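Visitor: this is the structure alone, sequence omitted:
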């Protein structure tokens, strides 16, 4: 008798929502019932240090094994770890699905967190074909939002009803309003209490569309001067954004690019409003974190954002790329602060009710048990080598089932140890 072994496969453990979500899931799974390990296909990153190092080994593909095709290396790692479940994530980890099925002693779960180049961009036909094949081989396919599910179903021609939806979740104890933290951080940054502080957190990439936020603030500047913009994150767009800020807003202290930061909970506490102007999103962790901090949020109407933000109730939405509408929302947030504080409180309640880390973890725990069948419905697996998953699945009455938010849907669907 032993815990269920889960091998999580990701491209890397760098700075991003996918990586943060995987780390959060691993750290919150019940250690008595689940034994986790991680394979980072292309390398580590800042999130590697956030995994509970005393109980979760991190493995990498050996340098001599790295190539455009990682199937053989992943199969070797699976053979060594002997997991009950291989849980791959996004395109970077998708080769783990056929590798797991070839080994036959473990089940395969795959989660899609978003898109490589936006939901409107066409996917190369070879990639679409391989993704469809991988979906067919997996025991369960999961998406973090209904929009992500529907888009991948359309691209791969894999039925949406065969994909589960488990929303991302955040730790509402770590992300929460704190008046003392707010005052301290604002003092550190030289922001007076009466200054309207607009905040944004995210990698500086074109898809995050910080340019629309700068253009909206240029419009806000025509009617209001007492404001600051703080942007936390780093990326290749930084020089472009710095130049755009000088052009649109002139020289001065109103825009501050903070770079990458490990103080996101503290920074969020210092903001007055949070803006997410992205052109594409799955379920944005930064948006959920801002809402958990009771910040009024203004987000683009893309991806999973409308699933998180009830427009006019727990935040505001605007058409992606529409600087004028975003400026109108910012002007109202600046002029009607008491009303927007109520939006922030409503946003926190929504996250607590529907997007908590506890709800996310419970969804994956149910899903893990479901793919292993009756032997895993308790807290432990009875055998070190599971019976052939395919044979058990075919014998099960009614076909396969996928778990999504307390409901069930018909569905089909020597390593290098890293010193830390």
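Guide: Noted; the coordinates are in hand. Here the structure is a predicted model, which is why all the values come from computation and not from measurement. Residues are numbered from 1 along each chain as shown.
Visitor: what's the residue lying closest to residue 297 once chain neighbours are set aside sitting at in phi/psi?
Guide: Closest residue to residue 297 apart from its sequence neighbours, by Cβ to Cβ, 6 or more residues apart in numbering: residue 315 at 4.0 Å. From N, CA and C alone the C-beta is placed, and that goes for glycine too. Dihedral pair for residue 315: phi 160, psi -170, per degrees, to the nearest 10.
Visitor: and residue 35, by the same measure?
Guide: Recorded main-chain torsions at residue 35 are phi -110, psi 110, according to degrees, to the nearest 10.
Visitor: any idea how far residue 338 is from the closest residue to it other than its chain neighbours?
Guide: Excluding its sequence neighbours, the residue lying closest to residue 35 (Cβ to Cβ, 6+ apart) is residue 3, at 4.3 Å. Spatial separation of residue 3 from residue 338 under the definition Cβ to Cβ, to the nearest Å is 50 Å.
Visitor: neighbour-wise, which of these two wins?
Guide: More neighbours sit around residue 3 than around the other of residue 3 and residue 338, counting by other Cβ atoms under 10 Å; the figures are 17 against 6.
Visitor: I'd say that one and residue 37 touch.
Guide: No. With contact defined as Cβ atoms under 8 Å, residue 3 does not reach residue 37; the gap is 11.7 Å.
Visitor: need the helices for the stretch 1-150 of the chain, in chain order.
Guide: If DSSP state H, counting those that start in this stretch is used as the criterion, the helices of the stretch 1-150 of the chain fall at 17-28, 71-81, 96-103, 125-137, 146-156.
Visitor: closest one to residue 263 among those?
Guide: Distance to residue 263, taken as Cβ to Cβ, is lowest for helix 17-28 among the helices of the stretch 1-150 of the chain, at 14.7 Å.
Visitor: any idea how far that closest one is from the chain center?
Guide: Computed by Cα atoms, centre = their mean, to the nearest Å, the separation of helix 17-28 from the middle of its chain amounts to 8 Å.
Visitor: which SSE is immediately downstream of the top helix by length along the chain?
Guide: In terms of residue count, the longest helix belonging to the chain (DSSP state H) is helix 337-354. Counting by DSSP states H and E, the next helix or strand C-terminal to helix 337-354 is helix 357-372.
Visitor: helices and strands around that following helix, which ones?
Guide: Identification of packing neighbours for helix 357-372 by 3 or more Cβ pairs under 8 Å, 6 or more residues apart in numbering; DSSP states H and E yields strand 4-12, helix 17-28, strand 85-89, strand 107-112, strand 140-143, strand 401-404.
Visitor: so where's the protein shaky on pLDDT?
Guide: 53, 62-68, 116-121, 251-253, 374-420 (pLDDT under 70).
Visitor: can I see the domain layout of it?
Guide: The record's domain parsing of the chain by automatic domain parsing lists 4-169+357-417, 179-354.
Visitor: thought residue 145 was touching residue 284?
Guide: No. Counting by Cβ under 8 Å, no contact exists between residue 145 and residue 284, whose distance comes to 9.6 Å.
Visitor: okay, and the common contacts of these two?
Guide: Listed contacts common to residue 145 and residue 284 are 303, 304; contacts here mean Cβ atoms under 8 Å, 6 or more residues apart in numbering.
Visitor: looking at these two, which one has more neighbours?
Guide: Higher neighbour count among residue 145 and residue 284: residue 284, with 29 against 25, using other Cβ under 10 Å.
Visitor: surely the more buried one meets residue 275?
Guide: No. With contact defined as Cβ under 8 Å, residue 284 does not reach residue 275; the gap is 11.7 Å.
Visitor: which residues are common contacts for the two?
Guide: residue 299.
Visitor: quick one: the helices in the stretch 151-300 of the chain?
Guide: Listed in chain order, the helices of the stretch 151-300 of the chain (DSSP H, counting those that start in this stretch) span 179-189, 210-220, 238-249, 264-270, 285-292.
Visitor: what about stretch 112-132, distance to the chain center?
Guide: For stretch 112-132, the gap between its own C-alpha mean and the chain's C-alpha mean amounts to 17 Å (Cα atoms, centre = their mean).
Visitor: mind listing what's buried in that stretch?
Guide: Of all the residues in stretch 112-132, those buried under the rule 16 or more other Cβ atoms under 10 Å are 112, 113, 114, 115, 118, 119, 123, 128, 130, 131.
Visitor: residue 214 contacts residue 246, doesn't it?
Guide: No. Under the contact definition of Cβ under 8 Å, residue 214 does not touch residue 246, with a separation of 10.2 Å.
Visitor: which one's more surrounded, the two?
Guide: Neighbour totals were compared for residue 214 and residue 246, and residue 214 leads with 20 against 12 (other Cβ under 10 Å).
Visitor: that one: what's it in contact with?
Guide: Residues in contact with residue 214 (Cβ under 8 Å, 6+ apart) are 229, 241, 244, 245, 248, 249, 255.
Visitor: and if we set it to 7 Å?
Guide: For residue 214, the contact set (Cβ atoms under 7 Å, 6 or more residues apart in numbering) comprises 241, 244, 245, 248.
Visitor: repeat that for residue 150.
Guide: Applying Cβ under 7 Å, 6+ apart, the residues contacting residue 150 are residue 160.
Visitor: likewise residue 12?
Guide: Contacts were defined as Cβ under 7 Å, 6+ apart; by that measure residue 12 touches 19, 40, 42, 43, 44, 45.
Visitor: what's in contact with stretch 353-369?
Guide: The list of residues contacting stretch 353-369 from outside it, by Cβ under 7 Å, 6+ apart, reads 4, 6, 24-25, 28-29, 85, 109, 140, 142, 164, 166-172, 288, 308, 376-377, 403, 405.
Visitor: give me the buried subset of those residues.
Guide: 4, 6, 24-25, 28-29, 85, 109, 140, 142, 164, 166-172, 288, 308, 376, 403.
Visitor: give the contact list for residue 5.
Guide: For residue 5, the contact set (Cβ under 7 Å, 6+ apart) comprises 35, 82, 83, 84.
Visitor: which of the residues you listed are buried?
Guide: 35, 83, 84.
Visitor: number of nearby residues for residue 235?
Guide: For residue 235, the count of nearby residues is 16 (other Cβ under 10 Å).
Visitor: surely residue 153 touches residue 161?
Guide: No. Using Cβ atoms under 7 Å, residue 153 is not in contact with residue 161; the gap is 8.5 Å.
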